[in-house]
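Chemist: fold the stuff below for me.
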Amino acid sequence: MRRLGLGFRGKLTLLVVATSGVALGLASAAFVTHDLLAVRAVIVQALKVHADHIAHACSAALRFGDRETAGAVLSVMAHDPRVVTAAVLDAAGLRLSSRLLGLKQGVELLGLPAGGERVRPEGGGER
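Modeler: Next up is the predicted model:
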């Protein structure tokens, strides 16, 4: 370090600045990570609330097999840009209603073929 012309005071200043820079970088990384995880948790919680509301609103439609009412309840989800697809499944796992809110018709919905009603995997025990 003597080649740089730094005496004891300069070396000490350089050490303090470097240490402060590293601490600031680590603290910034921790804050960014915390914020990303917090935002994700808020989005997950909001979607859980949406799902609970849809489940409550669709209970009569499920009980009576009313596809039109189930579809109307799902169409409310179109106002949330984070929701791309939504579906109401009965107890047997069959799709009562579904909506492609942010996608074109004919694409896969929730990993299922667009035209099919079957939701359970092979050997899932259809009725």
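Chemist: for G65, give its distance to T13.
Modeler: G65 sits 77 Å away from T13, taking Cβ to Cβ, to the nearest Å as the criterion. Placement of C-beta: from N, CA and C, glycine included.
Chemist: over to A70?
Modeler: 69 Å.
Chemist: what do you get for L74?
Modeler: 64 Å.
Chemist: ditto for L24
Modeler: 16 Å.
Chemist: my guess is S98 contacts V73, does it?
Modeler: No - at 11.7 Å, S98 does not count as touching V73 under the criterion of Cβ atoms under 8 Å.
Chemist: and for the two, which residues touch both?
Modeler: V88 (Cβ atoms under 8 Å, 6 or more residues apart in numbering).
Chemist: show me where this protein has strands.
Modeler: Assigned by DSSP state E, the strands in the chain fall at 85-89, 95-100.
Chemist: just checking, what packs against the longest helix seen in the chain?
Modeler: In the chain, with assignment by DSSP state H, the single longest helix is helix 8-57. Contact here means 3 or more Cβ pairs under 8 Å, 6 or more residues apart in numbering; DSSP states H and E; on that basis helix 8-57 packs against helix 67-75.
Chemist: so for L103, what's the pLDDT?
Modeler: If you check L103, the pLDDT there is 52.
Chemist: walk me through the domains of the protein.
Modeler: 1-52, 58-119 (automatic domain parsing).
Chemist: could you dump these to a markdown table with mean neighbour count?
Modeler: Shown next, in a markdown table, are the domains of the chain (neighbours: other Cβ atoms under 10 Å):
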| stretch | mean neighbour count |
| --- | --- |
| domain 1-52 | 10 |
| domain 58-119 | 15 |
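Chemist: worst mean pLDDT among these?
Modeler: domain 58-119 has the lowest average pLDDT among the domains of the chain, namely a mean of 72.
Chemist: right, and L62 touches A92 too?
Modeler: No - the pair L62 / A92 is not scored as a contact, 10.9 Å apart, by Cβ under 8 Å.
Chemist: give me every residue that touches L62.
Modeler: 70, 88, 90-91, 96.
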